[in-house]
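>>> Please find the sequence and the predicted model below.
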Amino acid sequence: CQIPGPPGTDWAGGCFPLLVDLGGYPTKPPDCHFPAREGPSLLQRPLTKSAKVLALPTAQRDCHGNGFMHNNVYPSGKVCLSTLTPVHESGWHPSFTVAEILLSVQRLLNDPNNDSPAQWLPYQLYKLARKEHDRRVCAQAARYTA
């Protein structure tokens, strides 16, 4: 399916492919992944001067995974969202509809959970160099236009 970027945000205009595996649904939460996109990763771009304050650990700097830049998307592309986690106390419930799941993923784009970052660089940019983060989000949305 496609997740449109929330209107009025830096994600707007992007139409992000999402793979949803409903194998155990509704007993188990679906697995949601943003697939890899061809072309250079936005995570590999050089930092602007204002963002150079970030000291990138080698392991994080060299591990870009599938290239989808978001605090709550693992390098594999898997979405890190409490409602998709069966063991989380505010997690999965079989009453959740597919529409609710997709809306939760869409909301997560512009409203990340910084208590549970899945990628180091997007999280650090969001917290310490917000202009750089937002610039990369806009560039990512432009790469994913419908």
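Ah, there it is. Here the structure is a predicted model, which is why all the values come from computation and not from measurement.

>>> Could you use CA atoms for every contact and neighbour count after this?
Fine.

>>> so where's this protein uncertain?
Across the chain, the ranges flagged by pLDDT under 70 are 38-64, 88-90, 146.

>>> Give me the residue at the spatial middle of it.
Nearest to the geometric centre of the chain sits residue 70, at 3.4 Å (C-alpha atoms, centre = their mean).

>>> Find me whatever residue is spatially closest to that one, sequence neighbours aside.
Excluding the flanking residues, the one nearest residue 70 by C-alpha to C-alpha, 6 or more residues apart in numbering is residue 122, at 5.6 Å.

>>> Could you do residue 123 as well?
Leaving aside its chain neighbours, residue 123 sits nearest to residue 71 (4.9 Å; criterion: C-alpha to C-alpha, 6+ apart).

>>> who touches that neighbour in this structure?
112-114, 117-123, 126 (C-alpha atoms under 8 Å, 6 or more residues apart in numbering).

>>> let's go with 7 Å and repeat that
Counting by C-alpha atoms under 7 Å, 6 or more residues apart in numbering, residue 71 makes contact with 112, 117-119, 122-123.

>>> closest to residue 93 among those residues?
Closest approach between the contacts of residue 71 and residue 93, by C-alpha to C-alpha: residue 112, at 20.9 Å.

>>> contacting residues for the closest one?
Neighbours of residue 112 in contact, by C-alpha under 7 Å, 6+ apart: 71-72.

>>> any idea how far it is from residue 79?
11 Å (C-alpha to C-alpha, to the nearest Å).

>>> Give me the common contacts of those two.
By C-alpha under 7 Å, 6+ apart, the residues touching both residue 112 and residue 79 are residue 72.

>>> Verify the contact between residue 75 and residue 36 for me.
No - with contacts counted by C-alpha atoms under 7 Å, residue 75 stays clear of residue 36, the gap being 9.6 Å.

>>> Show me where the chain has its strands.
With strands called from DSSP state E, the chain shows them at 2-4, 15-17, 19-21, 31-33.
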